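1. Task: produce atomic coordinates for the following.
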Amino acid sequence: MSYKEKLALWLESDHISEAFKKELREITDEKELEDRFYTELDFGTAGLRGILGAGTNRMNIHTVGKAAEGLARYLVKQESAPSCAIAYDSRIKSDEFAKVSALILAAHGVKVYLYDTLAPVPLLSYAVRHYGASAGIVITASHNPQAYNGFKVYGAYGGQVTDEEADKVLKEIRAIENFEDVSSVTEEEALASGHLVYIGEEVMTAYTEAIKTLTVKKEMVKDHAKDLTIIYTPIHGSGNIPVRRVLQELGYEHVHIVKEQELPDGTFPTAPYPNPENPQVFELALALAKDVSPDIIFGTDPDCDRVGVIVKDREGKDQVLSGNQIGMLITYYLLTAMKEEQTIPDNGVVIKTIVSTESVRAITKDFGVELLDVLTGFKYIGEKIEEYQETKEKTFLFGFEESFGYLAGTFVRDKDAVVASMLLCEIATYYKTKGMTLYDGLMEIYEKYGYYQEGIESFTLAGKEGQSQIARCVEHFRTHTLTEVGGIKTILKEDYKKKEKVDLSTGETEAITLPSSNVIKYTLADGSWFVVRPSGTEPKMKAYMAIKGKDFLDAQEKMTTFKAQVVSLVKEGLNA
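-> Got it, this is the predicted structure:
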């Protein structure tokens with residue numbers, strides 16, 4: 001069916017509101033109409049995600065309703081008494097989409113546990129496990145700009161649905177052809193039948209208590225938490241209450257909140273791009289820091305699954321830490337503290353994604369702990385946690401991805417910025433007791449394990465043509481094998497879609513045991529590497545680069561050069 005035929009269906013249907021029809025009729029740009037209807041929102045790294053508005057390629061009550069209907073049909077085929085937990089963040093229409101989803105699921109006899117107020121991603125994961133639910137939904141677009149929202153689906157183990165399960169849910173969604181095929185009930189009917197239950201305080205309390213058990217140096221925190229000065233910004237999101245509650249209960253008395261960013265607001269008036277990777281979101285926090293002199297500044301994104309950190313360097317300049325640097329700090333601290341407390345298990349494992357820093361390989365080796373690589377997407381870390389819980393083969397210690405996602409503990413199966421915030425405050429406290437700052441701690445890690453440097457470049461290519469361009473670019477890297485980059489020979493090519501790695505000096509191939517993914521990775525003779533992949537959540541092409549230098553300055557200079565070389569190659573691919 002062409003985009004024009006789909007548009008006509010919307011304009012003629014009695015099930016589409018007049019407001020949506022008016023929105024569509026007022027669009028005069030044909031490319032805009034094509035973009036809204038040429039496809040349907042697809043499952044990416046974390047379910048559906050898209051721009052709010054009318055159309056099959058937009059987030060609205062109809063696309064959300066169709067997704068909820070498909071999930072409901074899938075669940076009732078799997079078991080006789082299915083259930084689903086639902087959470088939502090502060091984004092525009094998040095509460096509405098959550099209610100719509102709940103009432104559709106309830107209409108199919110699925111028991112729904114719905115948060116009675118906004119809640120972070122990790123609280124949804126926790127609720128799925130707490131209730132023994134068959135599935136979970138979070139309505140969020142994480143750190144995307146305000147125009148976006150999303151529908152993330154979770155499996156019974158509390159992690160994002162795996163590729164196989166996502167395909168089954170998507171098959172059910174795709175089978176829904178007509179608007180009238182989506183069933184629903186009223187809130188009153190759902191409550192009366194017992195198919196809708198609102199989640200109250202008990203889950204938040206249990207979750208908070210679980211997080212507090214992750215404190216490694218309990219006596220140190222008990223004695224010195226009161227000495228730490230903290231600035232925290234929830235960036236208008238769902239982290240405000242849970243992060244502050246955990247810190248307060250652990251004894252952190254000096255927590256200063258960025259008032260302008262404290263309350264939930266889906267328009268993100270002070271941070272149009274509410275991503276803690278973005279230094280601009282910390283401008284108000286830095287203004288507050290002039291009066292407070294904090295030991296640490298950190299912020300969580302709208303659904304509180306990512307955390308960004310600012311520290312002062314040795315010259316007194318504010319430095320926004322990269323996601324890799326935060327991962328290094330937490331990995332090193334956890335292993336150091338556990339060694340001091342004599343609690344490192346014999347079969348301990350740290351898990352990272354294939355695009356995250358190799359520095360932790362040196363760190364984990366030093367402590368005799370295994371490091372495991374998985375594909376990009378925290379669901380792959382969640383899968384491994386579940387596997388190890390069942391087999392007891394390994395003990396999960398920590399998992400992270402370079403895009404500011406971290407997790408310790410096994411009671412949540414997704415990245416958790418509440419846990420990460422607590423750990424970062426413990427780390428800052430630890431270094432403060434030694435007369436050091438977080439930045440001093442980071443430099444200590446570099447000096448001990450090597451000067452690793454990582455970079456990332458994103459290329460935004462929206463619309464139908466943009467998606468085609470991204471696909472062609474990755475295929476270009478797949479079919480045209482590079483022999484060198486900047487005069488340095490390439491020695492290894494890994495194609496995660498074909499699931500093979502090729503030794504470029506011998507031509508020998510070896511199987512990649514990870515799931516198939518549209519990712520290409522090159523390793524060079526000097527140990528540097530780069531990866532190209534499409535984003536699973538945004539209309540972007542992403543390139544990741546990593547090098548190792550002789551010292552901090554040398555690493556920075558090498559990265560500047562290498563990044564420019566990789567960006568040039570990607571641009572060539574995009575124009576191929």
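2. contacts, neighbours, all on C-alpha from now
-> Noted.
3. all helices for the stretch 151-300 of the chain, in order.
-> Counting by DSSP state H, counting those that start in this stretch, the stretch 151-300 of the chain has helices at residues 163-174, 187-193, 201-212, 218-224, 240-249, 283-292.
4. Only alpha carbons, please: show the third one as CSV.
-> Extracted in CSV, the C-alpha atoms of helix 201-212 (Å, rounded to 0.1, in the frame of the first residue of the first chain):
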residue,chain,number,x,y,z
GLU,A,201,4.5,2.8,47.5
GLU,A,202,5.5,-0.8,48.3
VAL,A,203,7.4,-1.3,45.1
MET,A,204,9.4,1.9,45.4
THR,A,205,10.3,1.0,49.0
ALA,A,206,11.5,-2.5,48.1
TYR,A,207,13.5,-1.1,45.1
THR,A,208,15.1,1.5,47.4
GLU,A,209,16.1,-1.1,49.9
ALA,A,210,17.6,-3.3,47.2
ILE,A,211,19.7,-0.4,45.9
LYS,A,212,21.1,0.3,49.3
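5. angle of that helix against helix 240-249?
-> 50 degrees (axes from the mean of the first three to the mean of the last three C-alpha atoms, to 10 degrees).
6. tell me the contacts of Leu397?
-> The contact partners of Leu397, taken as C-alpha atoms under 8 Å, 6 or more residues apart in numbering, are 348-350, 408-409.
7. Just give me the closest of the residues you listed to Arg478.
-> Minimum distance to Arg478 across the contacts of Leu397 is 30.0 Å, recorded for Val350 (C-alpha to C-alpha).
8. pretty sure that closest one is touching Gly399, no?
-> Yes. At 5.7 Å, Val350 and Gly399 qualify as touching, with contact defined as C-alpha atoms under 8 Å.
9. And those two? Which one has more around it.
-> A count of neighbours by other C-alpha atoms under 10 Å puts Gly399 above the other of Val350 and Gly399, at 28 against 23.
10. quick revisit: put together CSV for the contacts of Leu397, with pLDDT, distance to Ala175 and secondary structure on each row.
-> Output for the contacts of Leu397, formatted as CSV (pLDDT from 0 to 100; distance: C-alpha to C-alpha, whole Å; DSSP: H, G, I helix; E, B strand; the rest coil):
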residue, pLDDT, distance to Ala175, secondary structure
Gly348, 97, 44, strand
Val349, 98, 41, strand
Val350, 98, 40, strand
Ala408, 98, 39, coil
Gly409, 97, 38, coil
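11. Could you identify which of the helices of the stretch 151-300 of the chain is most buried?
-> helix 240-249 (a mean of 19; mean count of other C-alpha atoms under 10 Å).
12. residues touching the residue nearest the centre of the chain, list them.
-> By C-alpha atoms, centre = their mean, the chain has its centre lying nearest to Gly405, at 5.7 Å. Contacts for Gly405 were tallied using C-alpha under 8 Å, 6+ apart; they are 305-307, 323, 378, 415-417.
13. Next step: the residues you listed restricted to strands.
-> Val307 (DSSP state E).
14. Pull out the buried members of the contacts of Gly405.
-> Buried by 16 or more other C-alpha atoms under 10 Å: 305-307, 323, 378, 415-417, out of the contacts of Gly405.
15. Looking at the residues you listed, which gets the smallest pLDDT?
-> Among the buried ones among the contacts of Gly405, Phe378 carries the weakest pLDDT, at 92.
16. Quick check: chain neighbours aside, which residue is closest to it?
-> Leaving aside its sequence neighbours, Phe378 sits nearest to Asp414 (C-alpha to C-alpha, 6 or more residues apart in numbering; 6.2 Å).
17. Return the residues in contact with the one you found.
-> For Asp414, the contact set (C-alpha under 8 Å, 6+ apart) comprises 121-122, 125, 158-160, 305, 378-379, 381-382, 407.
18. Can you pick out the most distant pair from those?
-> The distance between the two most remote of the contacts of Asp414 (C-alpha to C-alpha) is 15.3 Å, for Val121 and Ile381.
19. returning to what we had before: so how do I select the buried members of the contacts of Leu397 in PyMOL?
-> In PyMOL syntax, the buried subset of the contacts of Leu397 is picked out as below (16+ other C-alpha under 10 Å):
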select buried, resi 348+349+350+408+409
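20. and of the contacts of Leu397, the nearest to Leu284?
-> Using C-alpha to C-alpha, those come closest to Leu284 at Ala408, 29.3 Å.
21. Surely that closest one touches Gly399?
-> Yes. Ala408 sits in contact with Gly399 when judged by C-alpha under 8 Å, with a separation of 6.6 Å.
22. my hunch is that Gly70 is in a strand, does that hold up?
-> No. With DSSP: H, G, I helix; E, B strand; the rest coil as the criterion, Gly70 is assigned helix and is not in a strand.
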